[in-house]
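S.K.: Dropping the sequence and predicted coords here.
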Amino acid sequence: MPEEKYDPQEQRRWAVEAPPPEVSDAQLVLQENARRFREESARLQAEQSAREQIQRDRQRAHEELARREDDAIRARIFARYLQAEEQAARAKAQAEAEAAAAASLPPPRLSAEAELEIAAGRRTLAKHAQRAQDAAAARDQNKVEEKAEKEATPGFKT
């Protein structure tokens, strides 16, 4: 028998009119599982992205708070620095004013009672200095005498 040849249009018409091939249950389960896996993967990826965004937002908030605190601390330090400079300038001006005022005034005179106390202190210092000199002379004298005794004692060697 000769092979019948059909033109391509007729083959196409038969293919379109033919019922679709039946899909097995295993293929349906496989397709359902693949769909569920894709949905689950998309859900997990969305959750992960949300967690990462929350973490980035939290980090940004912490950095902003740290920047604000740092700026506040820098402002306080700068204010203290300016205040210290002002105090130093005021103290310098006051010292110059006092020096100018002191240069124009004669030195203050001591009261009679203060002069008596100063004289008594000087006498006490002189007395203690004399005692220290006498004690040093006595020690020197004792050393000389001990040395002479050792040399005079026969059979005694140091």
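M.R.: Everything's here; your move.
S.K.: Where does pLDDT dip in the chain?
M.R.: For the chain, the stretches flagged by pLDDT under 70 are 1-4, 105-107, 153-158.
S.K.: before we move on, what SS does the residue nearest the centre of it have?
M.R.: The centre of the chain sits closest to Asp70, judged by Cα atoms, centre = their mean, with a distance of 11.8 Å. On the three-state scheme (DSSP: H, G, I helix; E, B strand; the rest coil), Asp70 is labelled helix.
S.K.: From Glu63, how far off is it?
M.R.: 10 Å (Cβ to Cβ, to the nearest Å). (Glycine included, C-beta is placed from N, CA and C.)
S.K.: can I get the CA coordinates of stretch 79-90 in CSV?
M.R.: Extracted as CSV, the C-alpha positions of stretch 79-90 are listed here (Å, rounded to 0.1, in the frame of the first residue of the first chain):
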residue,chain,number,x,y,z
ALA,A,79,29.9,75.6,75.3
ARG,A,80,32.2,74.6,78.2
TYR,A,81,35.2,75.6,76.2
LEU,A,82,33.7,79.0,75.4
GLN,A,83,32.8,79.5,79.0
ALA,A,84,36.3,78.6,80.2
GLU,A,85,37.8,81.0,77.6
GLU,A,86,35.5,83.8,78.9
GLN,A,87,36.4,83.0,82.5
ALA,A,88,40.1,83.1,81.6
ALA,A,89,39.7,86.4,79.9
ARG,A,90,37.8,87.8,82.9
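S.K.: Now do Ala119: how many residues are near it, please.
M.R.: Applying other Cβ atoms under 10 Å, we find 10 residues neighbouring Ala119.
S.K.: In contact with it, which residues?
M.R.: Applying Cβ atoms under 8 Å, 6 or more residues apart in numbering to Ala119 gives no contacts.
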